[in-house]
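*Asks:* Structure for this input, please:
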Amino acid sequence: MALRCTSSQLLSFNHSAPPTLDLISTMQQHCLLRRRPYIHRSSRRKYILHSSTETGIPSLWTDHNTRHLGNFQLVDHHNQILSSCLNQFAPLKTATVSFSTSAPWYTPDRHNLKKKRRQLERLRTKTGLTAHAEANKYFTNTYNTALKSARSDYFSQLIRSNSSHSRTLFSTFARLTKPIDNITSTFTTDKCNNYLSFFHSKIHTVPCTALPLTISPLKPISLSTYPEITGFPPSPCSQQPTPPSSSPT
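*Replies:* Model prediction:
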């Protein structure tokens, strides 16, 4: 069965208007268009688009501004529409990646040992066998020993090569014996001023928010209570109302 339209007619097909039913049936008979696959009703909800998504996608068939464009211009227009759809529904995201330089004693041999240790660790986690656990433990000890020896060799070589440079030696020993001081990068002048102003405001606001103390006036001493006061012992005590020096003798 021959096609009802030639290849030149297909190339010159105006995409601004939808294809006719005869053309679609002819292309389906010659396997030019794939039939719609059957989707089970339980999984149809995965393919349902929301109304906002349908309205946000531009249509190639209803765009009447591209009637007089050539083939290459139509391809560019089609690519622009697809790019805009991707940028709208799946925009590109940027991630900040910080690269840190490794220590000088991390040679390629040490990196290979680290890779093997990670492989044994993953194998131990995956299988859980005692043999893999023992191999991982033995290789971890070997890796740590090699790393410590490489670090000590590096600093030994650095000290030997700079034996005549006192400044380099002192800086090397200070870096090895003293921890890195991160106070200058953590605490700035603005933070210290904010810290001081916070406590200044606390000092001024706490007395204002305190409840007033109501002290009742003392009653005068009568003759009946005077012998009791004079009979207090002169020994110092936290519960004694009058100190021993003020008590009468």
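*Asks:* Residue 200: which element?
*Replies:* Here residue 200 sits within helix 189-209, counting by DSSP states H and E.
*Asks:* what about the strands in the chain?
*Replies:* Taking DSSP state E as the criterion, the chain contains no strands.
*Asks:* show me where pLDDT drops low in it?
*Replies:* Along the chain, the model assigns pLDDT under 70 to residues 1-69, 178-186, 234-249.
*Asks:* domain parsing for it?
*Replies:* 1-36, 106-161, 162-205 (automatic domain parsing).
*Asks:* Any buried residues in the longest helix belonging to the chain, and which?
*Replies:* Using DSSP state H, we find that the single longest helix of the chain is helix 130-161. Neighbour-count burial for helix 130-161, counted by 16 or more other CB atoms under 10 Å, picks out 132, 133, 136, 139, 143, 147, 150. C-betas here are computed from N, CA, C, even on glycine.
*Asks:* Stretch 187-201 now?
*Replies:* With burial defined by 16+ other CB under 10 Å, not one residue of stretch 187-201 is counted as buried.
*Asks:* Need the CA coordinates for that stretch. CSV is fine.
*Replies:* Below are the C-alpha coordinates for stretch 187-201, written out as CSV (Å, rounded to 0.1, in the frame of the first residue of the first chain):
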residue,chain,number,x,y,z
PHE,A,187,35.5,36.2,67.6
THR,A,188,35.6,39.5,65.9
THR,A,189,35.4,43.1,67.3
ASP,A,190,31.7,43.4,66.4
LYS,A,191,30.9,40.2,68.2
CYS,A,192,32.8,41.3,71.3
ASN,A,193,30.9,44.7,71.3
ASN,A,194,27.6,42.9,70.9
TYR,A,195,28.5,40.6,73.8
LEU,A,196,29.4,43.6,76.0
SER,A,197,26.3,45.6,75.1
PHE,A,198,24.1,42.6,75.9
PHE,A,199,25.4,42.4,79.4
HIS,A,200,25.3,46.2,79.9
SER,A,201,21.6,46.1,78.9
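*Asks:* Now the terminal residues of stretch 100-108, how far apart.
*Replies:* With CA to CA, to the nearest Å applied, stretch 100-108 spans 16 Å between its terminal residues.
*Asks:* In the chain, what residue spans correspond to helices?
*Replies:* Shown for the chain, the helices assigned by DSSP H span residues 7-11, 21-29, 51-56, 71-89, 108-127, 130-161, 166-177, 183-186, 189-209, 226-230.
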